[in-house]
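Undergrad: 3D, please:
(2 chains)
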Amino acid sequence: MSHKIVTKRQLSEDVFTAEIEAPLVAQARKPGQFVIISINNEYAERIPLTIAGADPQKGTIRLIWQRVGKTTAELADMNVGDNIVNVVGPLGKPTHTENFGTIVCVGGGIGNAPLLPIARALKEAGNKVITIIGARNKELLILEDEFAEISDELIVTTDDGSYGRKALVTEPLKEVCQREPKPAQAFVIGPAIMMKFCCEVTKQLNVPTLVSLNTIMVDGTGMCGGCRVEVDGQPKFVCVDGPEFDGHKVNFDLMMKRLDTYKDHEQSSYEKYKKHGCKIGLDKS
Amino acid sequence: MTDKERKELLRQLLEKHKRGELKPADRYKIPPQDMPEQDAVKRRKNVNEVATGYTETHARLEALRCLQCKKAPCIEGCPVQIRIQDFVAAIADGEFKKALDIIKENSLLPAVCGRVCPQEVQCQQTCTVGLKFKDPTKAVSVGRLERYVADLDQDSESVPVVAPETGMKVAVIGSGPGGIVAAADTRRAGHDVTIFEAFHKTGGVMVYGIPEFRLPKAIVQKEIDVLAKMGVKIVCNFVVGRTRTIEQLMKEDGFDAVYVGVGAGLPRFMGIEGESLVGVYSANEYLTRSNLMKAYDFGKSADTPILRSKKVAVVGGGNVAMDSARTAVRLGAEKVYLVYRRTEKEMPARIEEVHHAKEEGIEFHILRSPKRVIGDENSHVTAIECLKYKLGEPDESGRRRPIPIEGSEFTIEVDTLIIAIGNAANPLIRQTTPGLEFNKWGNIVVDDDCKTSMEGVYAGGDIVLGAATVILAMGQGRIAAAAMNNYLAEKKKSRGSAHG
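TA: Below you'll find the model as predicted:
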């Protein structure tokens, strides 16, 4: 099956979005799920990417990714019409969507991508959605318009104040959770450290919190355990038990250490690609 | 024995054989033919196949060791009842095509099984010659002979004949040995067969689990290619239970029958402290990175990383543990320890794999097992704390139960720990197929025809038996396919009469 890139856009310096052909995935996917892709069979690596959206009619899914290494850079260098050889999904347990009442959704940086379909589903389920999105600076802030469309209240922050309110997302989060009445449920997605600090805030203020984890993965179907995290002291596989977990029970410190397992490999791979990258043909099918 | 001596011996024996004068006593005297192998030191640095294969002389000499017993106990020992005695006789006579045809009556994957079957507990265990020498490794080397004739055929273009199209659709879930065989046999009956594979490459455990140095991927690919030539459709990147459910395949996508061959794809962890530290792998992950994703070539022709460990401990005593340890050697580890809580006698691994592992410098620590994993401030593995064990009364597996010796803790410095203690059934099919009956281990319940509790749904291999072997999976694939063919013939008939 071919997975051609149908549309492609750059959202910020290192963030890209594309719609790709994946009719079976588009049809079956529910918010919160992801795909695993690999660009070719000549030993490209497999990486998980959240399904940011889908159009079952067109048979396409939307991916949003940040260029952080060789594979995400190769993807960024592909063009409309190019083919991603392997796309498998939808993987993971769909998000728990119900009418909680008033909820607060918090997205940090690239975490806005997986958060969007979840927030949308929660809005459709009848929740009052308060959304807080933040990024280091204006450049890195994505999907503001899409969130504005589906949120009852939208708070935008940047760490450096270049846009919106100058704050870490934890600040408005604390304020929202201190309201009377406080939100019934929080959904937090972003870099591990951001999720960790947000969960500390919501734990103190007794707001149940779900997070969506982004560990290293290989198969994505539960057969290798490479994606395991400690939840309540027990090992869980993000790809089949998650990607959503009770944020107050996740061992974020261990997760962050595990995320760095191949830091050196990734760095050397990316350096090599950046040096020779343009020579790698886009005619690879 | 030199090649020249071997050829001379064969010549003499064949003369006697042609005159019908070869007696059992003569046959017992024929030296068992060792498998030519890559040098043990050299092969620590490459992933080429270790066993390089018999020559014709080896094969015919080995085949002449067979007594051609009246009762053929070897056939009893074979899970798929190959006419072993007959194919061995054909090899002795130099009729290699005939030998292969005999094997293929019952086994579709001789190049694989000849390499990976645990012959020492199957055909070679019951072999009269082996019993005479009280050593199954001195039995007639059935596996090596099977491999010999299978390998001769590697370039053949022959494709099994497919019956006229029936219009009935079969879905085969999983492209491992069970799925391959079920697909071939249902396709031969003329049905429209599609294999659905979760990974991006076919072959199942034969590709992601068993390393290149034990089973070259090209061999597995050839079997898959034959299927494609027969007209079997192969769809990769399709996870049944997520992309589509079995119910959707049958009720909406028009499949009349389904074979579930999804294997035992859930890694078992020990549940000890520190098992999620950086540097602890399940064997599945370690092997999938190395075998399927070619991580041993990271930076050159592959993008998937794997830790280049210095000191590795592998926990377990099966083939997977041996494969993991031998892979670690090839990835450049200075020290590789195999830690097992029973003794070598209880190890389920093939004797050949244990032997090769030792030759490659892997240190065996028997009657030992990790109690906890120790890490540094960066959550990286630095050591394992182990306990010493002794063996007590037999447990449910029939093997003597390992009993920890209190206070015997000691540590082994390692930077990587690979857990190779077995695999259980992946729960995805169970969670997404209400109506399909499972046992308490998560395995699918089937009858003698490999039929499940759902109409039109059959299953076999590891998902039924628990983690087992290629040949058992293949055997069940054949049984299931035969039952499916009957079911589909009935279904087609009743469909025909409904249209009257």
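Undergrad: now residue B:102: closest residue in space, sequence neighbours ignored.
TA: The shortest distance from residue B:102 to any non-neighbouring residue, by C-beta to C-beta, 6 or more residues apart in numbering or on different chains, is to residue B:87 (4.1 Å). Glycine gets a C-beta too; all of them are placed from N, C-alpha and C.
Undergrad: quick one, grab the pLDDT at that neighbour.
TA: Model confidence at residue B:87, given as pLDDT, is 97.
Undergrad: residue B:497 now?
TA: What the model reports as pLDDT for residue B:497 is 67.
Undergrad: just to revisit the earlier point, C-alpha coordinates for the helix or strand containing the residue nearest to residue B:102, CSV please?
TA: Here residue B:87, judged by DSSP states H and E, is contained in helix B:84-92. The C-alpha coordinates for helix B:84-92 follow below in CSV (Å, rounded to 0.1, in the frame of the first residue of the first chain):
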residue,chain,number,x,y,z
ILE,B,84,12.2,-39.6,7.3
GLN,B,85,13.5,-43.0,6.6
ASP,B,86,12.5,-42.8,3.0
PHE,B,87,14.0,-39.4,2.3
VAL,B,88,17.2,-40.4,4.0
ALA,B,89,17.3,-43.5,1.8
ALA,B,90,16.9,-41.3,-1.3
ILE,B,91,19.8,-39.1,-0.2
ALA,B,92,22.0,-42.2,0.3
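Undergrad: packing partners of the helix or strand just after that helix?
TA: Heading C-terminal from helix B:84-92, the first helix or strand you meet, by DSSP H and E, is helix B:96-106. On a contact count with 3 or more C-beta pairs under 8 Å, 6 or more residues apart in numbering or on different chains; DSSP states H and E, helix B:96-106 meets helix B:84-92, helix B:110-116, helix B:142-152.
Undergrad: quick one, which of those helices is nearest to residue A:259?
TA: Relative to residue A:259, the nearest member of the helices and strands packed on helix B:96-106 by C-beta to C-beta is helix B:110-116, separated by 36.0 Å.
Undergrad: give me the contact list for the closest one.
TA: Residues outside helix B:110-116 that contact it (C-beta atoms under 8 Å, 6 or more residues apart in numbering or on different chains) are B:51, B:100, B:103-104, B:107, B:143-151, B:153-154, B:177, B:206, B:210, B:214-215, B:219-220, B:222-223, B:319, B:350, B:469-471, B:474.
Undergrad: work out the gap between the next helix or strand after it and the centre of the chain.
TA: Sequence-wise, the next helix or strand downstream of helix B:110-116 (DSSP H and E) is helix B:123-126. Remark: helix B:123-126 is offset 18 Å from the chain centroid, using C-alpha atoms, centre = their mean, to the nearest Å.
Undergrad: and residue A:8, what element?
TA: strand A:5-12.
Undergrad: show me what that strand is packed up against.
TA: By 3+ C-beta pairs under 8 Å, 6+ apart, strand A:5-12 packs against strand A:15-21.
Undergrad: the same query, at a cut-off of 10 Å, please.
TA: strand A:15-21, strand A:60-66, helix A:70-76 (3 or more C-beta pairs under 10 Å, 6 or more residues apart in numbering or on different chains; DSSP states H and E).
Undergrad: okay, now the sheet partners of it, with direction.
TA: Strand A:5-12 pairs in its sheet with strand A:15-21 (antiparallel), by DSSP bridges.
Undergrad: buried residues in the strand it pairs with?
TA: Of the residues in strand A:15-21, A:15-21 count as buried by neighbour count, 16 or more other C-beta atoms under 10 Å in any protein chain shown.
Undergrad: and if you look at stretch B:340-351?
TA: B:340-343, B:346-351.
Undergrad: where does the chain dip in pLDDT?
TA: Since you didn't name a chain, this refers to chain A. Within chain A, the set of residues satisfying pLDDT under 70 comprises A:277-285.
Undergrad: looking at chain B here, not the other one
TA: Filtered on pLDDT under 70, chain B yields the residue ranges B:497-500.
Undergrad: redo that, cut-off 80
TA: B:155, B:397, B:496-500 (pLDDT under 80).
Undergrad: near chain B, which residues of the stretch 101-250 of chain A show up?
TA: Residues of the stretch 101-250 of chain A lying near chain B by C-beta under 10 Å from any C-beta of the partner chain: A:216, A:218-230, A:233-237, A:240.
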